[in-house]
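> I would like to see how this sequence folds:
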Amino acid sequence: MTGQSILSRRIKEIRHQRGLSQAQLARPELSDSYISLIESGSRVPTPDVLALLAAKLGCSVSFLVHGVTEEESNSLETRLRSAREALESGGRHDARKMYADLLSDPLVPRMPGSLEKIEYGLALATEACGDLDEAIDILVRLRDREAESLTDELRIASALALSRCYRDRGETEAAIAVAEQELARMLEDGWTDHLIELGSTLLSSYYVRGDLLRAQQFASELLAAAESLGTPRAIVAANWNAANLAEISGRGEEALSLMERAWAARSEYEDVRNRARLRVAYAQLRLSVRPQDAAECREHLLQAERELRETSASSLDLADCLRYLALAEVELGHAEEAVRYGLAAIEANGDTSTELRAELQVLLGQAYLMLDRKDDASAAVQAAMEVLVNEPQTKSTAETWFKAAAVLQGMGDHEGSKLAYQRAMECSGV
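Next up, the predicted model:
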């Protein structure tokens, strides 16, 4: 039964329940013949007429259209808002349960737009809990089943989230395909903040894949589009990812300049989670280019850690922040603190990213070596190498092998260091 025939039938049923004739319902504002046409499905009532009929029938417009009372509609909206607030304030596990409970509510299918919002929220909460596989499944189902009913904003947001989850899961080609297809579909009317953010996620996947030429071309396009829009969100997103690309390409000072452009725009950027992630990226890059600024970088990272714990940030975001806190403590010579943050980062990462786990174990080994705890350092580096042998041969894994070689050399394990160095050269294509 179509939406219009359901509406027609509901008006007729409520009129009968109220003991009204068509003429009594119609007059004086409408004709009884017009009511007859509405009830037969031959006329679509305007919003003003719907409001008039609802008032005469003693119910809400929502009940006429959807069969949901105003109280039920308000209750659903309140629960949805509570789930969203829980996620935004860092209660990712509570939010996940609240969204799951909403999804099973029989009222949801009768409220247009509610199902899509709930599924999207559930996907974000699931991602924040570190369950990327399940988050991907939810987003794929949402986009496949509700493709025609999604608003443009939700289409782009769900594509961005899906691309990000694929990227973080190590499925770079899938991440690129999702973002490229959505951009091709939505760019006819020009760039928007949402599309710049989606494009920035795509840019990150290009350089993760190692396609630096394509990434550089696309970065220039994004930067020009962001400057043309002139909005903080666009400027942050485009400059942030262009900075990451410049760093990967070995242009440290250029990268820092781009990141500072993004950082300067952050005061007007209302997304607390992304602002915290930007703070981590800024501190990490500054630490890399200007290690003498380690103390200031640590303060930024401590602030970012607090913000990440209070928002919908994923466990991977938190692990990244803790990793750079450990690195800052290494630069400052605070080995005990470096070990503490390194262990916390490993716990936060869990099984989310095997590549990050290897990097964290090598960093932990470096901190243990500073404390002359050679057995612990050896165990950490061995754990890293067990992961690395199964990782794809990329520039990133090559760098981790090089770091492992340096720790082993510092321990006096020359044979182990030589083997790790050889692995690093193989990953570099030498």
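> Poorly predicted segments of this structure, please.
Where the chain drops to pLDDT under 70, the residues are 1-4, 146-147, 267-270, 429-430.
> Break down it into its strands, ranges please.
According to DSSP state E, the chain carries no segments that qualify as strands.
> domain assignment for it?
For the chain, automatic domain parsing gives the domain ranges 3-67, 271-331, 353-430.
> which stretch among those domains comes nearest residue 200?
domain 271-331 (10.6 Å; C-beta to C-beta). C-beta: built from backbone N, CA, C; applies to glycine.
> gap between the most centrally placed residue in the chain and residue 420?
Closest to where the C-alpha atoms of the chain average out (C-alpha atoms, centre = their mean) is residue 161, at 4.7 Å. As for residue 161, its distance to residue 420 is 37 Å (criterion: C-beta to C-beta, to the nearest Å).
> before we move on, what about residue 365?
11 Å.
> ranges for the helices of the stretch 151-300 of the chain?
152-169, 172-186, 193-209, 212-229, 232-248, 252-264, 272-289, 294-309 (DSSP state H, counting those that start in this stretch).
> Contacts for the first one next, please.
To tie it back to what came earlier, the one meant is helix 152-169. 116-117, 120, 123-124, 127, 132-133, 135-136, 139-140, 142-143, 150, 172, 174-176, 178-179, 181-182, 186, 194-195, 197-198, 201-202, 204-205, 208, 314, 316, 352-353 (C-beta atoms under 8 Å, 6 or more residues apart in numbering).
> Buried among those residues? Make that a ChimeraX selection.
Entered in ChimeraX, the line below selects the buried ones among the contacts of helix 152-169, by 16 or more other C-beta atoms under 10 Å:
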select :116,117,120,123,124,127,132,135,136,139,140,142,143,150,172,174,175,176,178,179,182,186,194,195,197,198,201,202,204,205,208,314,316,352,353
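> so residue 249 touches residue 211, yeah?
No. At 12.0 Å, residue 249 does not count as touching residue 211 under the criterion of C-beta atoms under 8 Å.
> Just the helices from the stretch 301-430 of the chain, written as ranges.
315-332, 335-349, 354-370, 374-388, 395-411, 414-427.
> Relative to residue 87, which of the ones you listed is closest?
helix 315-332 (13.5 Å).
> Adding distance to residue 263, write the helices of the stretch 301-430 of the chain out as a markdown table.
Output for the helices of the stretch 301-430 of the chain, formatted as a markdown table (distance: least, C-beta to C-beta, whole Å):
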| stretch | distance to residue 263 |
| --- | --- |
| helix 315-332 | 15 |
| helix 335-349 | 23 |
| helix 354-370 | 24 |
| helix 374-388 | 32 |
| helix 395-411 | 24 |
| helix 414-427 | 32 |
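> Of those helices, which is nearest residue 52?
Of all the helices of the stretch 301-430 of the chain, it is helix 315-332 that lies closest to residue 52, at 51.1 Å by C-beta to C-beta.
> Work out the gap between the closest one and the centre of the chain.
Averaging C-alpha positions (C-alpha atoms, centre = their mean, to the nearest Å) puts helix 315-332 20 Å from its chain's average.
> What are the buried residues along it?
Buried residues in helix 315-332 (16+ other C-beta under 10 Å): 315-331.
> Please identify the most buried of the domains of the chain.
domain 271-331 (a mean of 21; mean count of other C-beta atoms under 10 Å).
> how long is that domain end to end?
End-to-end span of domain 271-331 (C-alpha to C-alpha, to the nearest Å): 30 Å.
> Stretch 381-400 too?
End-to-end distance (C-alpha to C-alpha), stretch 381-400: 10 Å.
> ok, now stretch 243-256?
7 Å.
> ok, and what's touching it?
203-204, 207, 212, 215-216, 219, 257-259, 262, 281, 285-286, 288-290, 395.
> Repeat the analysis, applying 6 Å as the threshold.
With C-beta atoms under 6 Å, 6 or more residues apart in numbering as the test, stretch 243-256 has contacts from 207, 215, 219, 258-259, 285, 289.
> between those, which is nearest residue 369?
Out of the contacts of stretch 243-256, the member with the shortest distance to residue 369 (by C-beta to C-beta) is residue 289, at 24.5 Å.
> Find the nearest non-adjacent residue to the closest one, please.
Once flanking residues are discounted, residue 289 sits nearest to residue 252: 4.2 Å by C-beta to C-beta, 6 or more residues apart in numbering.
> What's the local residue count around the one you found?
Burial measure for residue 252: 15 neighbouring residues, criterion other C-beta atoms under 10 Å.
> Check residue 230 too.
The tally of other residues near residue 230 (other C-beta under 10 Å) stands at 9.
> any idea how far residue 224 is from it?
From residue 230 over to residue 224 (counting by C-beta to C-beta), the distance is 12 Å.
> and what of residue 30?
From residue 30 to residue 224 the distance is 56 Å (C-beta to C-beta).
> Ok, residue 136 next?
Distance from residue 136 to residue 224, by C-beta to C-beta: 32 Å.
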